[in-house]
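Visitor: here is the input, now give the coordinates:
(one chain, ligands or ions: 1)
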Amino acid sequence: MSKTIKKIGVLTSGGDAPGMNAAIRSVVRTCAFHGIECIGIYRGYQGMIEGDFKEMGPRSVNNIINKGGTILKSARSKEFTTPEGRKKAFDNLTKVGVDALVVIGGDGSFTGAEIFNNEFGFPVMGIPGTIDNDIFGTSHTLGYDTALNTVIECIDKIRDTASSHNRLFFVEVMGRDAGHIALNAGIGAGAEEILIPEEDLGLDRLLESLQKSKASGKSSSIVVVAEGDKMGKNVFELKDYIESHLPEYDIRVSVLGHMQRGGAPSCFDRVLASRLGVKAVESILEGKSNFMVGILKDEVTLTPLEQAIKGHYPIDRELLRVSDIMST
Ligand code: ATP
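Guide: Below is the predicted model:
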């Protein structure tokens, strides 16, 4: 039987994502609901090492559900990757009586949490917060839905220019290892082609497709490119390549960049964050540890951290077919 939990620490780590604040709010309020204390840890693991803590009551998280970023700040901590750093962090948590930790972040943050748990037997629970949606054990990570909405809004605007000037636009979106954003936002924004890390479309097929669409009467096109697409060319090299083979196209590149990580979370992300925060705290109170809370088929689930770290949520192959059909 695990020891009684009286105080839970919460932190955000790695890249920020919309919905992190809603998750912090949910963790804080679920603690209050169950009559236990909650400590906010600033700047992720670095704040844990430096003892940068703040008590958080239910009113401390007023008016943050609608805010992007994270009120607890996020950081990447080199020191936490060393045994000495983690020992300092453990000593600090013990000093203030924290009994368990909720880590909101990506797979790197979960790796740190798992190592910390293995070393000190310290209860940890992960909440997936990253726009890339690249974590196994959840169909949606916090921030992903908001990022999709941001991307389609941007592409809608780019389309106005593309169609007014008969241009071809290459739009680069985030996703070094995962094409979820490109694939879903690409379909949602009506892209002509979508290039993702999971699939090598091949330059010849891309050329062929663009030639076909020109012949079929399309005068402007949008190609969505994930950062880590498999053709091994960055979006500017891709533009040069297509231009050299299809000089009739007037091509422009737009790299959406960090704007995809910001902004007010969508309703979906706010609800998801609220559900995951409740599940994280209540699972800890049930004596569970070393899991990630996630959502699968609209049910809140627990996945061992080890699996969440190692795996990737696969892209939906049916969407590839839908995308192909839509570009007819
Ligand atoms: P994102 O998906 O946005 O990159 P992430 O959680 O994967 O988020 P990382 O920078 O990979 O972001 O990890 C965040 C922090 O987790 C690191 O700065 C480090 O403190 C900790 N961490 C990552 N890997 C390890 C590890 N192997 N051992 C200990 N701590 C780690």
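Visitor: measure the residue sitting furthest away from the middle of the chain to residue 204 for me?
Guide: Distance from the centre of the chain peaks at residue 215, with 38.5 Å (Cα atoms, centre = their mean). According to Cβ to Cβ, to the nearest Å, residue 215 and residue 204 sit 16 Å apart. C-beta coordinates here come from the backbone N, C-alpha and C atoms, glycine included.
Visitor: and for the nearest residue to residue 89 once chain neighbours are set aside, the neighbour number?
Guide: Spatial nearest neighbour of residue 89, chain neighbours left out: residue 48 (4.0 Å); criterion: Cβ to Cβ, 6 or more residues apart in numbering. Residue 48 sits with 30 neighbouring residues when counted by other Cβ atoms under 10 Å.
Visitor: quick one: residue 48 from residue 6, how far?
Guide: According to Cβ to Cβ, residue 48 and residue 6 sit 18 Å apart.
Visitor: touching, residue 70 and residue 24? I think so.
Guide: Yes: Residue 70 lies in contact with residue 24 (Cβ atoms under 8 Å); the separation is 6.9 Å.
Visitor: which neighbours do these two share?
Guide: Residues touching both residue 70 and residue 24 by Cβ atoms under 8 Å, 6 or more residues apart in numbering: 12, 104.
Visitor: the more surrounded of the two?
Guide: residue 24 (29 against 25).
Visitor: give me the neighbour count for whichever residue of the stretch 201-328 of the chain sits closest to the ligand.
Guide: Closest to the ligand within the stretch 201-328 of the chain is residue 261: 8.7 Å, counting by Cβ to the nearest ligand atom. Applying other Cβ under 10 Å, we find 21 other residues in the vicinity of residue 261.
Visitor: for the helix or strand bottoming out on mean pLDDT in the chain, name the packing helices and strands.
Guide: Between all helices and strands in the chain, the lowest mean by mean pLDDT, DSSP states H and E belongs to helix 203-215, at a mean of 83. Counting contacts by 3 or more Cβ pairs under 8 Å, 6 or more residues apart in numbering; DSSP states H and E, helix 203-215 is packed against strand 193-195, strand 221-226, helix 235-245.
Visitor: buried ones in the last one, by neighbour count?
Guide: For helix 235-245, the neighbour count (16 or more other Cβ atoms under 10 Å) marks 235, 238, 239, 242 as buried.
Visitor: same question, stretch 63-70
Guide: By neighbour count on 16+ other Cβ under 10 Å, the buried set for stretch 63-70 is 64, 65, 67, 68, 69, 70.
Visitor: now, which of those residues lie close to the ligand?
Guide: Applying Cβ under 6 Å from any ligand atom, the subset of the buried residues of stretch 63-70 adjacent to the ligand is empty.
Visitor: looking at those residues, which is nearest residue 131?
Guide: residue 68 (10.8 Å; Cβ to Cβ).
Visitor: if I look at the residue of the stretch 101-250 of the chain found nearest the ligand, how far off is residue 143?
Guide: Proximity of the stretch 101-250 of the chain to the ligand (Cβ to the nearest ligand atom) peaks at residue 108, 1.9 Å away. Residue 108 sits 15 Å away from residue 143, going by Cβ to Cβ.
Visitor: those two: who's more crowded?
Guide: residue 143 (33 against 16).
Visitor: and the residue nearest to the more buried one when sequence neighbours are not counted, what element?
Guide: Closest residue to residue 143 apart from its sequence neighbours, by Cβ to Cβ, 6+ apart: residue 17 at 2.8 Å. Per DSSP states H and E: residue 17 is located in neither a helix nor a strand.
Visitor: ok, residue 17 - contacts?
Guide: Shown in contact with residue 17 (Cβ under 8 Å, 6+ apart): 129, 130, 131, 141, 142, 143, 144, 146, 147, 261.
Visitor: if we use 10 Å, what do you get?
Guide: Taking Cβ atoms under 10 Å, 6 or more residues apart in numbering as the contact definition, residue 17 lies against 23, 68-70, 74, 104-106, 128-132, 141-144, 146-147, 260-262, 265, 269, 273.
Visitor: how about residue 315?
Guide: So residue 315 contacts 133, 178, 179, 180, 182, 183, 184, 196, 197, 198, 199 (Cβ under 10 Å, 6+ apart).
Visitor: those in helices, which ones?
Guide: Filtering the contacts of residue 315 for membership in helices, criterion DSSP state H, returns 180, 182, 183, 184.
Visitor: I'd like these as CSV, with pLDDT and distance to the ligand appended.
Guide: Shown next, in CSV, are those (pLDDT from 0 to 100; distance: Cβ to the nearest ligand atom, whole Å):
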residue, pLDDT, distance to the ligand
180, 94, 13
182, 95, 16
183, 95, 18
184, 96, 18
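Visitor: I'm done for today, thanks for sticking with me.
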